[in-house]
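Engineer: Here is the input, now give the coordinates:
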Amino acid sequence: MRSISDEEWWDILRTLYWDRWQADHIVNQSIAELLVDWVWASGWPGVRIPQRLLGVRVDGRVGPETLRAVNTYTPQRELFDRIMRAREEFIDEVCRRRPRSMKYRRGWLRRLHSITFEEQAQ
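Structural biologist: Numbering: from 1, shown residues only. This is a model prediction of the structure:
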């Protein structure tokens, strides 16, 4: 296995995860990080579950409707908290369905809770 440079890792992260959520178009950096982390850790549920939470078409694709729902949700802190709770529930469901995953639960939650909310200047 060859070493990958930091630049190559960032390219992979951006292409496969950040761009999947079109995170450059999300106005609140905290929410962008939370959503991108979900896709990174869990794949498509990291798009579909937030779409369901936002009340938009659940198609696993982030388009104008999904971005508009994320960016116009007020207050943004409430959206962040709702996504955080949904992600915690998702992790717990993974552990219920696959008990051997319980050994990872603490680390998953620790990483999740390392993402904190910050208001964005308007």
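Engineer: tell me the strands in the chain, going along the chain?
Structural biologist: In the chain, no strands are found when defined by DSSP state E.
Engineer: what residue is smack in the middle of it?
Structural biologist: By CA atoms, centre = their mean, the chain has its centre lying nearest to L35, at 1.9 Å.
Engineer: Skipping its backbone neighbours, what lies nearest that one in space?
Structural biologist: Distance criterion CB to CB, 6 or more residues apart in numbering; nearest residue to L35, sequence neighbours excluded, is W21 at 4.9 Å. For glycine as for every other residue, the C-beta is placed from the backbone atoms N, C-alpha and C.
Engineer: what do you get for I49?
Structural biologist: Here the residue nearest I49, using CB to CB, 6+ apart, is A86, at 5.6 Å.
Engineer: surely the one you found meets P50?
Structural biologist: Yes. Using CB atoms under 8 Å, A86 is in contact with P50, at 7.1 Å.
Engineer: Count the neighbours of E118 for me.
Structural biologist: 13 (other CB atoms under 10 Å).
Engineer: Wait, it touches I31, no?
Structural biologist: No. E118 is beyond contact range of I31, at 9.9 Å (criterion: CB under 8 Å).
Engineer: picking that back up, more crowded one of A86 and P50?
Structural biologist: Per other CB under 10 Å, whichever of A86 and P50 has more neighbours is P50, with 26 against 16.
Engineer: I'd like to check which residues are in contact with the more buried one.
Structural biologist: 35, 38, 66, 70, 83, 86 (CB atoms under 8 Å, 6 or more residues apart in numbering).
Engineer: rerun that using 10 Å as the cut-off
Structural biologist: When contacts are counted by CB atoms under 10 Å, 6 or more residues apart in numbering, P50 touches 21, 31, 34-35, 38-39, 56, 58, 62, 66, 69-70, 79, 82-83, 86-87.
Engineer: shared neighbours of A86 and P50, which are they?
Structural biologist: W38.
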